[in-house]
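1. Requesting a structural model of the entry that follows:
(one chain, ligands or ions: 1)
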Amino acid sequence: MESINKFNFCPECGSKNIITKEGTHWVCPDCGYDLYNNDAAAVGILLVVNGKLLVFSRTKDPQKGMLGLPGGFVNKGESLEEACIRECNEEIGITPPPFEYLCSFPNTYPFKTLVYSTCDAFFYSEYKGTEEELLSSIKTVDGEAENCKLVPLATFDTSQIAFDSMRKAVKILRNKLNI
Ligand SMILES: [Zn+2]
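-> Model (predicted):
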């Protein structure tokens with residue numbers, strides 16, 4: 001889905017002549033306002049223990065009820081790695097074990113009346129404890145996730161995953177781990 005964000009008025013001078021270019025660039029011929037809204041950086045973590053992937057049910061739109069991974073938008077001034085650690089703490093109440101870069105894919109994130117284009121960077125982390133230890137340490141802190149569970153990475157149905165970028169990342173991880 002292409003971004004369809006547009007302004008009816010120039011945010012600077014209020015002119016109705018503002019031109020939307022490709023949904024990511026707006027130019028006002030009257031005052032010279034020239035705004036780019038390039039892709040936002042976002043992260044996701046594939047946390048694996050004993051061949052199983054940690055997923056949860058999303059409690060909010062977009063894709064409410066679908067399976068999500070810990071992650072989210074990168075804040076201003078933050079690195080991708082810092083965003084991973086912060087989001088894991090916010091969403092599932094744990095600091096992730098050491099993780100490594102896996103892959104990235106573009107994504108679209110419809111939110112209220114806007115569509116955000118993102119570049120999602122995915123990281124892979126292997127939890128060294130047991131499944132029970134991981135699940136018992138999880139606390140869904142900020143209410144964006146519920147029903148955290150472990151699904152067999154090799155065989156679970158990826159059509160339940162919320163976003164296409166996440167589905168592709170799971171495929172990359174399956175290939176990387178030869179499963
Ligand atoms: Zn203007």
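
2. got a list of what Lys16 touches?
-> Listed by CB atoms under 8 Å, 6 or more residues apart in numbering, the contact partners of Lys16 are Asn8, Phe9, Cys10. Where you see a C-beta, it was placed from the backbone N, CA and C, and this is true even at glycine.

3. out of these, which are buried?
-> By neighbour count, with 16 or more other CB atoms under 10 Å, the contacts of Lys16 hold Cys10 as buried.

4. For the ion, tell me which of the contacts of Lys16 show up nearby.
-> Counting by CB under 5 Å from the ion, Cys10 from these sit close to the ion.

5. now, which of the contacts of Lys16 sits nearest the ion?
-> Cys10 (3.0 Å; CB to the ion).

6. in which helix or strand would I find that closest one?
-> Using DSSP states H and E, Cys10 maps to neither a helix nor a strand.

7. what's the spacing between the closest residue to Gln160 other than its chain neighbours and the ion?
-> Of all residues not flanking Gln160 in the chain, Leu67 sits nearest, at 4.7 Å (CB to CB, 6 or more residues apart in numbering). Look at Leu67 and the ion: by CB to the ion, to the nearest Å, they are 43 Å apart.

8. And Lys171, by the same measure?
-> 45 Å.

9. Doesn't that residue lie inside a helix?
-> Yes - applying DSSP: H, G, I helix; E, B strand; the rest coil, one finds Lys171 inside a helix.

10. what number of residues lie near it?
-> Around Lys171 sit 12 other residues, with neighbours defined as other CB atoms under 10 Å.

11. mind listing what it touches?
-> When contacts are counted by CB under 8 Å, 6+ apart, Lys171 touches Thr158.

12. and the gap between it and Ala154?
-> Distance from Lys171 to Ala154, counting by CB to CB, to the nearest Å: 11 Å.

13. With Asn147 instead?
-> As judged by CB to CB, Asn147 and Ala154 stand 21 Å apart.
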